[in-house]
Structure formats: C-alpha cells, structure tokens
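Asker: Quick one: sequence and predicted model below, then my questions.
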Amino acid sequence: MKLGIIRCMQTEDYCPGSRDFKTIRERKGAFAGVDDIELVGFINCGGCPGKKVVLRANSLVSQGADTIAFASCIQKGTPIGYPCPFAKRMKDLVQNAVGDKVQILDYTHDAGPEQK
C-alpha cells in the first residue's frame, strides 16, 4: 500500500499526527492486516469546507499513493471532539477525482490520542 493521509486543518494545533503514525507502524485500525505500507504524504484538507481536498488528493496520487486515508480527526472528530460536517462530501469529491484506481479509507485509528 502506498498511503497518503488527509487530515483536518483545524486539528493541526492539537495533534502532530503521532497516533496516525503509530497506528501505521503497529498495523492497527484501518491498517490491520496490511503488511507493506509506504507513507507517501501527510497533508491537511486545506481548511473548511475542505477547500483544497481534491487538489491535495491529486497531489498524493501524483506522489504514488494508491490509497488515501481520511485521518480520524475528520471522520471521528479526534482529538477535538467535533467530526467534520463536510467529511462525506470531501470523500465523494476525492473518490470522483481519483477514480476507482485509488482506495479511500474512512479513518486511520480507532482510539483517540488519550487512549494509547
């Protein structure tokens, strides 16, 4: 898997992405059962309402991503406790832009950063 992660721009002040990286290393959450993972990029959505998500997804694909994961901060609202109200729309836009050749994951990890 060549992975690109799109995260919420609003959570960057609270979270450096450590839980995402740990989850990848430990092959847990969305990465359970995946043997080979190469992280090709980690980028934010561009701000509400996902203004640059398609541009950024295309950038990840141009860097070799065959899988794009929306970080748990988008779908689950961790660590700020507020799931993105634009998550489904962003996912649909990205899927339409990158096509079926790229797998889309709804989240990265199950537990919030406080639940290590």
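Answerer: Structure's in. What do you need?
Asker: which stretches of this structure have low pLDDT?
Answerer: 111-116 (pLDDT under 70).
Asker: where do the helices sit along it?
Answerer: Using DSSP state H, the helices assigned to the chain run over residues 18-26, 53-62, 72-75, 87-98.
Asker: So which of those is nearest residue 10?
Answerer: Closest approach to residue 10 among the helices of the chain (Cβ to Cβ): helix 72-75, 8.0 Å. The way it works is simple: take the backbone N, C-alpha and C, and place the C-beta from them, glycine included.
Asker: Mind giving me the packing neighbours of that closest one?
Answerer: When contacts are defined as 3 or more Cβ pairs under 8 Å, 6 or more residues apart in numbering; DSSP states H and E, helix 72-75 sits against strand 2-7, helix 87-98.
Asker: thinking again about what came up before, deepest in the core, which of the helices of the chain is it.
Answerer: Mean neighbour count (mean count of other Cβ atoms under 10 Å) peaks for helix 72-75 among the helices of the chain, with a mean of 28.
Asker: circling back: so which of the helices and strands packed on helix 72-75 comes closest to residue 16?
Answerer: Here strand 2-7 is closest among these (Cβ to Cβ), at 10.2 Å.
Asker: Can you give the strand pairings for the closest one, parallel or anti for each?
Answerer: strand 38-44 (parallel), strand 67-70 (parallel) (DSSP bridges).
Asker: Any chance of CSV for those, columns distance to residue 10?
Answerer: As requested, these are arranged in CSV below (distance: least, Cβ to Cβ, whole Å):
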stretch, distance to residue 10
strand 38-44, 9
strand 67-70, 14
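Asker: Kind regards, and thank you for your time.
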